[in-house]
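J.: make a model of this:
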Amino acid sequence: MKGIDIVIPSFHSKELTSLAIRSFEKYKSDFNFRYIVVENSSDDSYKEHVLSLSSDVIWIQNPMPSFLDSGKPTVRSEANASGLENGLELVKTEYVFMCHSDVVACHESWMKFLVSKIEEGHSMVAVREHDDCAHVIGLLVETKIARAVSLYPIYGVLDVGDSMTHYCKDEGLDYYICKNTNNHPFLVEEIKEEKYKKMIGVDKVFNDNGDVIYMHLGRGADKQFNNYHKPNKIYFNDWVKIVNEEIL
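T.: Predicted structure coming up:
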């Protein structure tokens, strides 16, 4: 499994999407990644910048209704699902990695680790679980499974992409959820490197050796516009600074 297509929905997210791709490129090891960036608006102001990050970037313009700017969670979820489904149409690899734009890889083993779990017999590997379902903040899955279901949410029942987990359960297919600080908060105390301790309130994902291999800012689309505030959370400017200085 050397070639893996990566689908990244984006929403006016030049900095976040750029950090994600740059981190994937830095820590891609011997994998060949092709990035399918889906901009969920008519904004193409940073298209050329994203295309310049790798020779293997595809840009999809997916204009969504202007009420996306209202910030309603259900609308944002539908936009995310639309971005994923549009990106899936161009996927050519057996497995696809789907993620949010506000994520970074931070260890050369990150994709090797996910793939190792596939090789153990899992059809899907996620960096985090939410409501007993694999979360699309970072998910390696058989492309045929992703295409077999609708990725759209059902309000109060399914979040974006949860249908893939239900498909696996219905078909008797195994899937794997990585250890992470969201599902296992005690792991914060086991973080080895000082730089990751600075990333307060950020999801951190671990391999079997206890290395942090992947991080998720959370609410990145809102934080970039200064529309989200909670105590004990890292915010957009600090995320950009620390990722640039410590990860890249």
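J.: partner residues bridging the spatially most central residue of the chain?
T.: The centroid of the chain falls nearest to Cys99 when counting by CA atoms, centre = their mean (2.2 Å). Cys99 forms beta bridges with Gly138, as assigned by DSSP bridges.
J.: which one's the longest helix in this structure?
T.: helix 73-88 (DSSP state H).
J.: break down the chain into its helices, ranges please.
T.: When secondary structure is read from DSSP H, the chain shows helices at 14-26, 47-51, 73-88, 110-119, 143-148, 162-171, 194-197, 220-223, 236-242.
J.: buried residues in the fourth one?
T.: Pointing back at helix 110-119 there. Residues of helix 110-119 classed as buried: Trp110, Met111, Lys112, Phe113, Leu114, Val115, Lys117, Ile118 (neighbour count, 16 or more other CB atoms under 10 Å). The way it works is simple: take the backbone N, C-alpha and C, and place the C-beta from them, glycine included.
J.: again with the fifth one
T.: Using 16+ other CB under 10 Å as the burial criterion, the residues of helix 143-148 that qualify are Thr143, Ile145, Ala146.
J.: the second one contacts His166, correct?
T.: Meaning Ile145. No - between Ile145 and His166 there is no contact under CB atoms under 8 Å: 10.9 Å.
J.: centre of the chain versus the helix or strand of the chain with the lowest mean pLDDT, how much separation?
T.: Least confident helix or strand of the chain, by mean pLDDT, DSSP states H and E, is helix 73-88 with a mean of 86. Mean C-alpha position of helix 73-88 versus that of the full chain (CA atoms, centre = their mean, to the nearest Å) differs by 13 Å.
J.: what packs against it?
T.: Packing partners of helix 73-88 (3 or more CB pairs under 8 Å, 6 or more residues apart in numbering; DSSP states H and E): strand 3-10, strand 32-39, strand 95-99, helix 143-148.
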